[in-house]
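[1] Could you work out the structure for the sequence below:
(chains A and B)
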Amino acid sequence: MSNSNDNPARKKFEPMLSPFVDGELTPEERQQVEQHLAANKESAMQVADFRAASGLMRLTLEQQADQEDWKDFSNEVLAKLTPEKAPLFERLKTSLSEMFTYQRGAFVGAMVTAALMVTVGGAAFLMGSQKNTGYANERMQMQSVKVDQGATVAPVVMETDSGDAIIWMVDQPEKQKDDEKNDKPKGEENEELDGDPAAPKKAGDL
Amino acid sequence: MATDDLTLVQRVRSGDQRAYKTLVERYQRKVFSVAFGMLKDREEARDVAQEAFVKVYRYLDHFKGDASFYTWLYRITVNICIDVMRRKGSSKSENVEFDETLLHDVSEANLGALGSRLGTNPQKSALRKELAEKIQAALEQVPEKHRAILLLREVEGMSYEDLARTLEIPKGTVMSRLFHARLKVQKVLNEYLELDEAKSGVGTE
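    From the prediction side, this is the model:
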């Protein structure tokens, strides 16, 4: 049998034999190949070989596929896409159990830390919710400033820009003298501060 | 009338898993056949087929729809097969694209024996079973890239256009790789037939 290199026509058409078998040639090319096959026995035999091998291969692979059990294949694929989830409580239980089994040190440490945080946080919350009263309070709220009858001092209250109040006492010598002169007391001097919201505010009110 | 692939893909995207089941059942045998032809191992081929379907599902949002669903599916299948072969070290990553000596080898081999002894209907041939076993041996000798083309052509009957799209290579490369893959298979099978004839003294049927 001769080599394809010996025959220029066969050399030319040989690469077209595979696409000829596959029906991938243009009508013109197909016609040319058919004419060549009619004239060249070797090329014709090669085409027959290609077709036979092709049919054999297809059949072999189909038989291999036939031997497989396809009943559950698609379900197996779908199961891999959406693995069934256990209920939340079960998953939590399993996770905790696995953590306790395989990472006991870390698990115990984490639990102790969490317990400490809860204790400290809870205590801080409770302490924060209790209001101190009296002098322990951070800021006392002044309700009123009263002056006793016969006092020789008068309160002067000034409000600062930050909202604090400064109270100091101022001597009232004239009042002292007047009191001494008059048997009857002039009455009680009372300045209500922040007591009655409806009362008009005077200088010195908070 | 069967629903086309693209409609099924759209249904899957909107959360219809039954549509994906239909797609799997439509292609499972062929995907398996390609994987089996590549790997020659039934269990591995089944695993690869499942992996391919899972991968396709996970990346379904990346499917643009400008190519056929099945070209995309087969591309993923072939790539997984090549990965498996490389992991196993069974991959032959030949640097030579084509074995030019094949042309010479085939010409000198028992050209036409395969066609004449099998005839056009390989099912009726007495040699069918024996040769079916030899097909796998023949495929093993074909470089992985050429083998993929041959299998996709024979199993799926893909056009050269689709093969080029699936494997992302020029159509001319598809044509030449397919031709050389066929020459290789033909050579192996013809050598076997030649040997068989010499042993039994049987000529063509």
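[2] Got the domain ranges for chain B?
    Per automatic domain parsing, the structural domains of chain B span B:5-88, B:101-200.
[3] Is stretch B:165-177 in proximity to chain A?
    Yes: against chain A, stretch B:165-177 shows contacts by CB under 8 Å from any CB of the partner chain at B:175-176. Yep, even glycine has a C-beta here, placed from its N, CA and C like the rest.
[4] So for that stretch, what gets flagged as buried?
    The neighbour-count check on stretch B:165-177 (16 or more other CB atoms under 10 Å in any protein chain shown) flags B:165-167, B:173-177 as buried.
[5] taking the residues you listed one by one, which sit in helices?
    In this view, those that belong to helices under DSSP state H are B:165-167, B:173-177.
[6] nearest to chain A, of those?
    Nearest to chain A out of these is residue B:175 (CB to the nearest CB; 5.7 Å).
[7] Show me the shaky parts of the chain.
    Because you didn't say which chain, this covers chain A. Applying pLDDT under 70 to chain A flags the ranges A:1-6, A:83-87, A:90-91, A:94, A:98, A:100-102, A:128-142, A:174-206.
[8] wrong one, I was asking about chain B
    Ranges of chain B meeting pLDDT under 70: B:1, B:90-113, B:115-127, B:195-205.
[9] tell me which element residue A:149 is part of?
    Assigned by DSSP states H and E, residue A:149 belongs to neither a helix nor a strand.
[10] how about the nearest residue to residue B:192, chain neighbours excluded?
    Excluding its sequence neighbours, the residue lying closest to residue B:192 (CB to CB, 6 or more residues apart in numbering or on different chains) is residue B:134, at 5.1 Å.
[11] related to what we said a few turns ago, so can I have CSV of the domains of chain B showing distance to residue A:62?
    Formatted as CSV, the domains of chain B follow (distance: least, CB to CB, whole Å):
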stretch, distance to residue A:62
domain B:5-88, 7
domain B:101-200, 8
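[12] Looking at these, which is nearest to residue A:121?
    Of all the domains of chain B, it is domain B:5-88 that lies closest to residue A:121, at 42.6 Å by CB to CB.
[13] Does the closest one reach chain A?
    Yes: between domain B:5-88 and chain A, judged by CB under 8 Å from any CB, the touching residues are B:17, B:20-21, B:24-25, B:28-30, B:32-33, B:36-37, B:42, B:46, B:49-50, B:53-54, B:57-58.
[14] Can you tell me the centre-most residue of chain B?
    residue B:151 (1.3 Å; CA atoms, centre = their mean).
[15] give me the element the nearest residue to that residue once chain neighbours are set aside is part of.
    Among residues not flanking residue B:151 along the chain, residue B:37 sits closest, at 4.2 Å (CB to CB, 6+ apart). Using DSSP H and E, residue B:37 falls within helix B:17-39.
[16] same for that helix, what does it pack against?
    In terms of contacts (3 or more CB pairs under 8 Å, 6 or more residues apart in numbering or on different chains; DSSP states H and E), helix B:17-39 is packed against helix A:41-66, helix A:73-81, helix B:5-13, helix B:42-58, helix B:69-88, helix B:144-151.
[17] Buried deepest among these, which one?
    helix B:144-151 (a mean of 25; mean count of other CB atoms under 10 Å in any protein chain shown).
[18] which residues touch that helix?
    A:57, A:61, B:33-34, B:37-38, B:78, B:81-82, B:85, B:91-93, B:139, B:142, B:163, B:167, B:174, B:177-178, B:180-182, B:184-185 (CB atoms under 8 Å, 6 or more residues apart in numbering or on different chains).
[19] still on that earlier bit, need the helices and strands packed on helix B:17-39 in CSV (columns: distance to residue A:11).
    Compiled in CSV, the helices and strands packed on helix B:17-39 are given as follows (distance: least, CB to CB, whole Å):
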stretch, distance to residue A:11
helix A:41-66, 10
helix A:73-81, 47
helix B:5-13, 42
helix B:42-58, 39
helix B:69-88, 32
helix B:144-151, 21
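[20] ok, now which ones touch the residue nearest to residue A:160 when sequence neighbours are not counted?
    In space, and not counting its chain neighbours, residue A:160 is closest to residue A:166: 6.4 Å by CB to CB, 6+ apart. Residue A:166 sits next to A:157-160 when contact means CB under 8 Å, 6+ apart.
[21] where's residue A:166, which helix or strand?
    When elements are assigned from DSSP H and E, residue A:166 belongs to strand A:165-171.
[22] and the closest residue to residue B:168 other than its chain neighbours, what is it in contact with?
    Leaving aside its sequence neighbours, residue B:168 sits nearest to residue B:75 (CB to CB, 6+ apart; 7.6 Å). Residue B:75 makes contacts with B:166-168, as judged by CB under 8 Å, 6+ apart.
[23] can you give me the helices for chain A?
    A:8-21, A:27-39, A:41-66, A:73-81, A:88-102, A:104-129, A:173-181.
[24] In CSV: these, plus distance to residue A:147.
    Output for these, formatted as CSV (distance: least, CB to CB, whole Å):
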stretch, distance to residue A:147
helix A:8-21, 119
helix A:27-39, 123
helix A:41-66, 109
helix A:73-81, 87
helix A:88-102, 69
helix A:104-129, 38
helix A:173-181, 10
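[25] wait, which of the ones you listed is closest to chain B?
    Judging the helices of chain A by CB to the nearest CB, what sits closest to chain B is helix A:41-66, at 2.7 Å.
[26] tally of neighbours for residue A:22?
    Residue A:22 has 21 neighbours, counted by other CB atoms under 10 Å in any protein chain shown.
[27] pretty sure it is in contact with residue B:162, am I right?
    No: taking contacts as CB atoms under 8 Å, residue A:22 lies outside contact range of residue B:162: 11.6 Å.
[28] Does residue A:82 touch residue B:20 like I think?
    No: counting by CB under 8 Å, residue A:82 stays clear of residue B:20, with 10.4 Å between them.
[29] Would you mind telling me which of these two has the busier surroundings?
    residue B:20 (22 against 9).
[30] Spatially, what comes nearest to that one if we skip its sequence neighbours?
    Per CB to CB, 6+ apart, closest to residue B:20 is residue B:12, 4.6 Å.
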